[in-house]
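Chemist: can't give you the sequence, but here's the structure:
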């Protein structure tokens, strides 16, 4: 009780501030809860079911499939589920420290698994082909994030090493690449990829629209990733690489065995931040007519059967983005804390 | 490497030849024929494409500058509130920060445009402030001065007042160094740089005839209309970036060690002086570099306006002009170059500022 008084009512001014804040919170949260829960309609199948003043969650229920899978053919959606389950399973196994052959398993999960995922989603080799223009919703958001990330992380590491290289040409090329992509807006890069890639390819050779967007995103994120990794590299004492050199190790072995394992651990929070902003940036594919989660929500507003569902669509999509990003940043914070205590011993 | 580039260039020139597009920058002097609903440059569809590009640049700079100003004010306030002793206040600030940082900016842009502004009342039932500023579905109408004479005099007066304050501050510092006697610089400054300028502006405004928006038929006429696209983009950019700036400010202030503050208190400095003379000078060098990159991000993020057709560079040039001329390589190159120059200009300015304000470590 005394603690409460100290933190909320220490001085008369504090007391006034606290009361004003409480009043504002009350005025905002009560109508919000009334709208979202108390007055909301949860059950039904059509617009007519929603008669109350509150939110019409029926709309989300009716369109849930689209929000998750876009226009992906309904009978084939199990393939997306399998790919997602595989991903979750792998992530779960990888976070288990006692996994036998963990290193090889990790390597396989970033090389073989993405190909398996692509096969499940796109088809071929016995599965019916689903064109990428039918992909959409949360699934497309995850595809964009994961595949762009898979290109961006290794490329970013190489660029960060290149920026510290002793060869002037490589250093110069890395700096130009990094500063160029960091200096321009992602929207223009997505435009650039979708306009320029078809232009520079030989006639008749078409680059898929989704692949163009992924490539554009990946280049920008690689540049930002490189700066995050550089931070980790700079934090590492010179002596580490010098000692390894004295032992007679070559450049790549020093980087792979001594420098990167330590530098990446330091850079991990910054890299997670870049990953979160990649996740948020995927929404920009809207402007090249790819319908990710936000795009699908936006497109759903145009449905004549469901007029005036703006708030419901935005709240649903926004909540998913929020929980995903918040989850990632909390995970990174937790890891950082655990590492700190591990070092403190 | 060279072979790969040659291969791409070869393909590009073949593809362009097939499409019948001549490369080069001559198209910039062609008539554009593109409508721009919101412009400050007096652009008309009969002007050439170069002028269209300039209109886009001006619109980008307009929304960026206004948003940077508001984002800085909101961001600093929220960042300071986050450090408040009052638990409720700092928790609310924390909620705000976590809310805006974990949701994509495009979400906020669409939300403001389609969720909030589209739900505003028709012009007939506008929200108004003192009967001169009107907010409705068609945008925000603000009054404009008919002639700038009175306001020019007010601005001149403000410049003189600021100069006077600088003089007083110098004199007070010199006197304190000489005799040790204190002078109430800040209260005087509050009058010279706060009260009197406001009075000057009010006086200038009262003596000027204003073009106040009035309801005629279905819409407001007169004054200046901020289109809803501008309002939505501005609201989204400033509130979003404010969340990031708040985190930067919090981190910067927390980086000042407690010992510094304790030592200042032991010397008998007042709370205001501790903040002004000890905390801020040490926090600023930590705050400025990341804030610069937030400003740069904001300028680049103003391109999100393309998603709601706010006529900034990407929308009018990379969108409309590219569709009407087909000169994709030239237009992309020009657009990217503009953003690179803008980024470079801001970071050069901030580097210069940073170098001037760097803490001298002895």
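Modeler: Looks like it came in fine. This one's a predicted model, so the numbers in the text were calculated from it and none came from an experiment.

Chemist: can we go C-alpha only for contacts and neighbour counts from here?
Modeler: OK.

Chemist: Contacts only, for residue 170.
Modeler: All of this refers to chain A. Residue A:170 is in contact with A:162, A:163, counting by CA atoms under 8 Å, 6 or more residues apart in numbering or on different chains.

Chemist: helix/strand/coil for it?
Modeler: Assigned by DSSP: H, G, I helix; E, B strand; the rest coil, the conformation of residue A:170 is helix.

Chemist: wait, isn't residue A:305 in contact with residue A:47?
Modeler: Yes: counting by CA atoms under 8 Å, residue A:305 touches residue A:47, with 6.9 Å between them.

Chemist: which bits of chain B sit near chain A?
Modeler: Chain B comes close to chain A at residues B:8-12, B:15-16, B:85-89, B:98-99, B:102-107, B:111, B:114-115, B:300-301, B:303-304, B:307, B:314, B:318, B:328-329, B:332, B:335-336, B:339-340, B:343-344, as judged by CA under 8 Å from any CA of the partner chain.

Chemist: And what about the residue in the stretch 151-300 of chain B that chain A sits nearest to, helix, strand or coil?
Modeler: Closest to chain A within the stretch 151-300 of chain B is residue B:300: 4.8 Å, counting by CA to the nearest CA. Secondary structure assignment for residue B:300 (three-state DSSP): helix.

Chemist: How many residues are close by it?
Modeler: 23 (other CA atoms under 10 Å in any protein chain shown).

Chemist: Check residue B:322 too.
Modeler: Neighbours of residue B:322 using other CA under 10 Å come to 18.

Chemist: count of neighbours near residue 160?
Modeler: Using chain A. 27.

Chemist: you looked at the wrong chain, it should be chain B
Modeler: 15.

Chemist: buried ones in stretch B:11-26?
Modeler: By neighbour count on 16 or more other CA atoms under 10 Å in any protein chain shown, the buried set for stretch B:11-26 is B:11, B:12, B:13, B:14, B:15, B:16.

Chemist: can you pull out the helices in the stretch 201-350 of chain B?
Modeler: If DSSP state H, counting those that start in this stretch is used as the criterion, the helices of the stretch 201-350 of chain B fall at B:228-254, B:258-266, B:271-273, B:280-301, B:313, B:322-325, B:328-356.

Chemist: pLDDT below threshold where in the stretch 201-345 of chain A?
Modeler: Within the stretch 201-345 of chain A, the stretches with pLDDT under 70 are A:342-345.

Chemist: Endpoints of stretch B:99-119, how far apart?
Modeler: With CA to CA, to the nearest Å applied, stretch B:99-119 spans 22 Å between its terminal residues.

Chemist: Could you pull up the mean pLDDT of it?
Modeler: Averaging pLDDT along stretch B:99-119 yields 91.

Chemist: what's that stretch in contact with?
Modeler: A:280-281, A:283-284, A:294, A:310-311, A:314, A:318, A:321-323, A:325-326, B:136-137, B:139, B:228-229, B:232-233, B:235-237, B:239-240, B:243-244, B:304-305, B:307-308.

Chemist: residues from the stretch 101-250 of chain A in reach of chain B?
Modeler: So the stretch 101-250 of chain A meets chain B at A:180, A:183-185, A:187-188, A:192, A:195-196, A:199-203 (CA under 8 Å from any CA).

Chemist: Closest to residue B:193 out of those residues?
Modeler: Lowest distance from residue B:193 to those (CA to CA) belongs to residue A:183, with 37.4 Å.

Chemist: list the contacts for the closest residue to the closest one other than its chain neighbours?
Modeler: Excluding the flanking residues, the one nearest residue A:183 by CA to CA, 6 or more residues apart in numbering or on different chains is residue B:340, at 5.3 Å. The contact partners of residue B:340, by CA under 8 Å, 6+ apart, come to A:180, A:183, A:184.

Chemist: which one of the residues you listed sits closest to residue A:123?
Modeler: Closest to residue A:123, out of all of the contacts of residue B:340 and judged by CA to CA, is residue A:184, at 35.3 Å.

Chemist: wait, doesn't the closest one sit right on residue B:334?
Modeler: No: applying CA under 8 Å, one finds residue A:184 not in contact with residue B:334, separated by 11.6 Å.

Chemist: When those two are compared, which one has more neighbours?
Modeler: In this view residue A:184 and residue B:334 are compared by other CA under 10 Å, and residue A:184 has more residues nearby, 26 against 16.

Chemist: any idea how far the spatially closest residue to the more buried one that is not a sequence neighbour is from residue A:196?
Modeler: Nearest non-adjacent residue to residue A:184, counting by CA to CA, 6+ apart: residue B:339, 5.6 Å away. According to CA to CA, residue B:339 stands 18 Å off from residue A:196.

Chemist: correct me, but residue A:328 touches residue A:274?
Modeler: No: under the criterion of CA under 8 Å, residue A:328 makes no contact with residue A:274, lying 10.9 Å away.

Chemist: Show the residue spans covered by the strands in the chain.
Modeler: Went with chain A since none was named. Here chain A has no strands by DSSP state E.

Chemist: Hmm, no, I was thinking of chain B.
Modeler: B:127-129, B:133-136, B:139-142, B:144-145, B:210-211, B:214-216, B:219-221, B:224-226.

Chemist: Redo those strands as JSON lines? Include mean neighbour count and mean pLDDT.
Modeler: Below are the strands of chain B laid out as JSON lines (neighbours: other CA atoms under 10 Å in any protein chain shown; pLDDT from 0 to 100):
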{"stretch": "strand B:127-129", "mean neighbour count": "13", "mean pLDDT": "81"}
{"stretch": "strand B:133-136", "mean neighbour count": "22", "mean pLDDT": "83"}
{"stretch": "strand B:139-142", "mean neighbour count": "21", "mean pLDDT": "82"}
{"stretch": "strand B:144-145", "mean neighbour count": "16", "mean pLDDT": "80"}
{"stretch": "strand B:210-211", "mean neighbour count": "17", "mean pLDDT": "78"}
{"stretch": "strand B:214-216", "mean neighbour count": "14", "mean pLDDT": "78"}
{"stretch": "strand B:219-221", "mean neighbour count": "17", "mean pLDDT": "75"}
{"stretch": "strand B:224-226", "mean neighbour count": "18", "mean pLDDT": "81"}
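
Chemist: okay, those in JSON lines with distance to residue A:54 next?
Modeler: Below are the strands of chain B laid out as JSON lines (distance: least, CA to CA, whole Å):
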{"stretch": "strand B:127-129", "distance to residue A:54": "24"}
{"stretch": "strand B:133-136", "distance to residue A:54": "24"}
{"stretch": "strand B:139-142", "distance to residue A:54": "27"}
{"stretch": "strand B:144-145", "distance to residue A:54": "41"}
{"stretch": "strand B:210-211", "distance to residue A:54": "42"}
{"stretch": "strand B:214-216", "distance to residue A:54": "33"}
{"stretch": "strand B:219-221", "distance to residue A:54": "31"}
{"stretch": "strand B:224-226", "distance to residue A:54": "32"}
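
Chemist: Could you list the low-confidence segments of the stretch 201-350 of chain B?
Modeler: Across the stretch 201-350 of chain B, nothing is flagged by pLDDT under 70.

Chemist: Excluding chain neighbours, what is closest to the residue nearest the centre of chain A?
Modeler: Geometric centre of chain A, nearest residue: residue A:279, 2.6 Å, by CA atoms, centre = their mean. Distances taken as CA to CA, 6+ apart put residue A:145 closest to residue A:279, at 5.5 Å, once the chain neighbours are dropped.
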